[in-house]
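>>> Generate a structure from the sequence data that follows.
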Amino acid sequence: MGSAVITARAAATFDPVARSVATARAFVRDTLQGWGYTDVVDDAVVLTSELVTNAVVHAGTAADVLCLRTEDGVRVEISDRYPEREIPLQSAGLDLGSPERENGRGLLLCAALASRWGVDYSPTRKHVWFQLDLPDRPVGVRSSGPLLPVDMLPVTDERVRVAVVQIDSEGAVAAWNDDAAYLFGYTAEQVMGKQLADFTAWPQTPGTSTGFADALRLSRWEGSYGVRGADGRTIPVYGSHLRVRDTQGEPSTVCLLVRDYERAVLQTPVRAPASDTAESRKTDPFEVFIGSPAPDDLDGLLQRTVERARDMLDADAAFLLLATDDETELEVRATTGLPSARQRFARVPVEAGTGRYGSARMPAVHEDLDAVPGAVPLLGNTGMRSVVTVPLKVEGRLTGSLGVAAEAAGRYSNEEALRLQFAADRIALAVESARLGELERLRRGSLSFLVEASDLLAGTLDRDQTLALMAQMTVPTLATWCAVYTIADQSSEPELSYVLHEDEERIDGLKALLTRISPPEPVPTPGARVWSAPSRAAHEAALRTSMRTITMGGPDGPGSATRTTLATAAAVGGETVVLPLVARNRVIGMLTLGKPSDDHFRQEILELAEDLSRRAALALDNARLYSERTAISQSLQRSLLPPGLPAVPNVEVDVIYRAAGEGNEVGGDFYDVFPIRDGAYGFAIGDVCGTGPEAASVTGLARHALRLLAREGFGGPAVLERLNAAILDEGARSRFLTLLYGELWPQEDGSALLKVVCAGHPLPLRLRQDGSVEAAADPQPLLGVMEDLELYEQQFTLEPGDVLLCVTDGVTERREGTRMLGDDGLAEVLSHCTGLTAGAVAARILRAVERFAADPPSDDMAILTMRVPEPRPA
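Coordinates of the predicted model:
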């Protein structure tokens, strides 16, 4: 913080869970708003979101957030406990990453948004901080501009040449300096005494001096025109004219001229009125044209501009287009009097032809558009005949074009072009300022949108839910409708997987239309490309339907099918674009966005959609990989489960099994009931140390070994001793095992004889008809620990109505705080199960375990019940 005085601080710690990111954003926003630092809230929230995401999601540690307030800004510090990550270097040869990469995006945003930032490492923590300074508000400055990076300053030649030309009261050249001679190729002797109008190209007809002479008589004038050089070429210039008088009272005009692209040298910045009186506001040229108060949003300002331009020249229509950042295209932003509101955001090239009539950089007058079809594409088929257009320029850059049109031919001349150019020069800076403000709001909104989208997409690994999220995030925020195509593998055709429209009644018709046409080509080239097939197919279907309706007629008008077809055609009649979904260098699908009839996408929206498509593609591919891995894991796990329970004569057998861990069907606990030979059945219930797939591998070994050894004729102790040896043979992969193994022999008198060996396992409990509960075996050493085991077998008989309950320690060790269910608690539950079937006993035990604690069970559980039913009365 240097010498800055800290005036307030706020701190909080956030757990390593995904919801902490949203909580951290709210904490920083509330803190800064409480301090009154609203100017930097949005940037601070975006940076905090990315850095806390790095800590709690990617690093998996808690995040400490500290906000420090000073008089001139705020510093936010985020710390995590995962310092082993690579230290990001910042040098001429290395960058901070890319917005497409999740890793490093937080530092990239710090570099872009923060006044200062840094990263500190210690053996136990990583510490990222950023400083946001409050914006400067200069006091007492007559005219100033913001601090700009060098690459955003106006461009000029190495030496700026300013032609100084003085014109006498008759319009003749009275003074001509060396820079004028250099710029235009005439020496002073060649032009002195000649009319300056003879050398100018005033807005349209060269050599005509009417408009230019009027401009020279004004007290002050600024604007663009052309000067014909000695080589015959017209040189665009920006001029500042000032009407003066000499000591004898003789008037003259001093003209300062620079190349048009260097106009920033002379252009007067718009300043606030000297006083706030009604008189001063009345004389401000901008407010005279726009009206007071001026709209405070870009769309309102543009619409007011075209309406005032139409009224000023008594026109039938007016339009305003804004230039793209590279000044190669113009985008329709406002119209009045034209049926082209449907063409909003349509684009036309800046250079539409070779002559000056074909360039939007110079004023142009068309007396009759019927004589030059296509000269102004925006006015095609509108009935407009004459048109005048003028450029909007700021600091030599083309920022837009303003035009008015009339239905009659020959309505406009150079005089109207001059008046419109005066108006355009007055509003150009205000329009550009409003446009930059809109872009800044869009940028901040886009960052917030992408942060929220990333949170949502990271919150699911379900493929269908990911597809639904992709569509719901784009409609209606970015588009009117959306369709997602997916590609299973490189040899598969794209498949229509999800369709969404902002009007739910249009979804079925839209889906039917997209199903009938071929899907877009899966081109990996980044960026949006136009796809005309849906619009074309919809219009053809609508035309066929309309013709059929006209031909067949009907008293009730068009039917529901016809109305659906026409509505679908209107829904997809605008621009449709396709963005590839590329993940891990493979096209896995396409995101298709559409607009209704004749609507177009803004370039900023397409760029935002491209960012979203990259994130969505990675989320969709992650969901695919997770689904494949889960399917494989579940298939392998199911192979470890017993195929089913055999029917044991005169004995009820039931099992309930619950594996711990998401996606696990088999864990460390296992069971088995199987026939050994005629009249004899084996049963087992065991618990391998640990849970999950590692324990399940020992589960499979134990279960299959038990069946094999028992069917070879070995008794209970021999079976377990050989299994113990097999487990120890696994070496480092071995795990100790508790096991209850027994043999069941149904008897002719309705009872059942059991022989059991309990190797370190929870003891089996026997429930008698009178409700008494007792252990049915003694404890013996567990398996997988000692090589030489001496085990013995215990025998007892289940009488009719008796129940034998066998469980794993996931049942007896169920905890709630310091309380544990235990053997006594289990016996208490079992004592109330007299008269219940084996399945009902198992269900009651499971219910008691689940209700014992509020949290879900964290350990595997197996419950095996056997009951000898009472004989039915004759």
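>>> what's near enough to touch residue 779?
Going by C-beta atoms under 8 Å, 6 or more residues apart in numbering, residue 779 touches 758, 760, 763. The C-beta positions use only the backbone N, C-alpha and C, and glycine is treated the same way.
>>> quick one: which of these has the most company?
Per-residue neighbour counts (other C-beta atoms under 10 Å) across the contacts of residue 779 peak at residue 758, which has 25 neighbours.
>>> How far away from the center of its chain is the helix or strand hosting it?
With secondary structure defined by DSSP states H and E, residue 758 is part of strand 752-759. Remark: strand 752-759 is offset 62 Å from the chain centroid, using C-alpha atoms, centre = their mean, to the nearest Å.
>>> Residues contacting that strand, please?
Contacts for strand 752-759 (C-beta under 8 Å, 6+ apart): 650-651, 715-717, 720, 737-747, 764, 776-783, 789, 791-798, 804, 866, 868.
>>> Out of the contacts of residue 779, which comes closest to residue 163?
Using C-beta to C-beta, residue 760 comes nearest to residue 163 of those, at 102.7 Å.
>>> so the closest one makes contact with residue 780?
Yes. Using C-beta atoms under 8 Å, residue 760 is in contact with residue 780, at 6.9 Å.
>>> mind listing which of the contacts of strand 752-759 are in strands?
737-746, 794-798, 804, 866 (DSSP state E).
>>> how much distance is there from the helix of greatest length in the chain to the middle of the chain?
Assignment by DSSP state H gives helix 414-458 as the longest helix of the chain. Remark: helix 414-458 is offset 22 Å from the chain centroid, using C-alpha atoms, centre = their mean.
>>> Next secondary structure element downstream of it?
For helix 414-458, the following helix or strand on the C-terminal side (DSSP H and E) is helix 463-474.
>>> other SSEs contacting that next one?
helix 414-458, strand 481-486, strand 495-501, strand 586-594, helix 603-638 (3 or more C-beta pairs under 8 Å, 6 or more residues apart in numbering; DSSP states H and E).
>>> cutoff 7 Å now
When contacts are defined as 3 or more C-beta pairs under 7 Å, 6 or more residues apart in numbering; DSSP states H and E, helix 463-474 sits against helix 414-458, strand 481-486, strand 495-501, helix 603-638.
>>> Quick check: which ranges of the stretch 451-600 of the chain have low pLDDT?
548-564, 569-570, 597-598 (pLDDT under 70).
>>> at 80 instead, please
Low-confidence segments of the stretch 451-600 of the chain (pLDDT under 80): 490, 535, 538-574, 597-600.
>>> returning to what we had before: nearest to residue 848, of the contacts of residue 779?
Distances from residue 848 to these, taken by C-beta to C-beta, are shortest for residue 763, at 18.0 Å.
>>> Was I right to think the closest one contacts residue 775?
Yes. Residue 763 is within contact range of residue 775, at 4.3 Å (criterion: C-beta atoms under 7 Å).
>>> Point out where the stretch 251-400 of the chain drops to low pLDDT.
268-297, 311, 314, 325-327, 339-360, 373-375, 377-378, 380-381, 396.
>>> where along it do the strands fall?
251-259, 317-323, 329-336, 347-349, 364-366, 386-394, 397-406 (DSSP state E, counting those that start in this stretch).
>>> Format these as a markdown table; extra columns: mean neighbour count.
Listed next are the strands of the stretch 251-400 of the chain as a markdown table, based on neighbours: other C-beta atoms under 10 Å:
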| stretch | mean neighbour count |
| --- | --- |
| strand 251-259 | 19 |
| strand 317-323 | 24 |
| strand 329-336 | 21 |
| strand 347-349 | 14 |
| strand 364-366 | 22 |
| strand 386-394 | 25 |
| strand 397-406 | 24 |
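>>> Out of those, the one nearest residue 8 is which?
Closest among the strands of the stretch 251-400 of the chain, using C-beta to C-beta: strand 386-394, at 40.7 Å.
>>> now the angle from that closest one to strand 397-406?
160 degrees (axes from the mean of the first three to the mean of the last three C-alpha atoms, to 10 degrees).
>>> Pull strand 386-394 out as CSV, backbone CA atoms only.
Extracted in CSV, the C-alpha atoms of strand 386-394 (Å, rounded to 0.1, in the frame of the first residue of the first chain):
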residue,chain,number,x,y,z
SER,A,386,-32.9,11.5,-53.5
VAL,A,387,-30.4,11.1,-50.6
VAL,A,388,-27.6,13.0,-49.0
THR,A,389,-25.1,11.3,-46.6
VAL,A,390,-22.3,12.8,-44.6
PRO,A,391,-19.6,11.2,-42.4
LEU,A,392,-19.3,11.3,-38.6
LYS,A,393,-15.6,11.7,-37.7
VAL,A,394,-13.8,12.0,-34.4
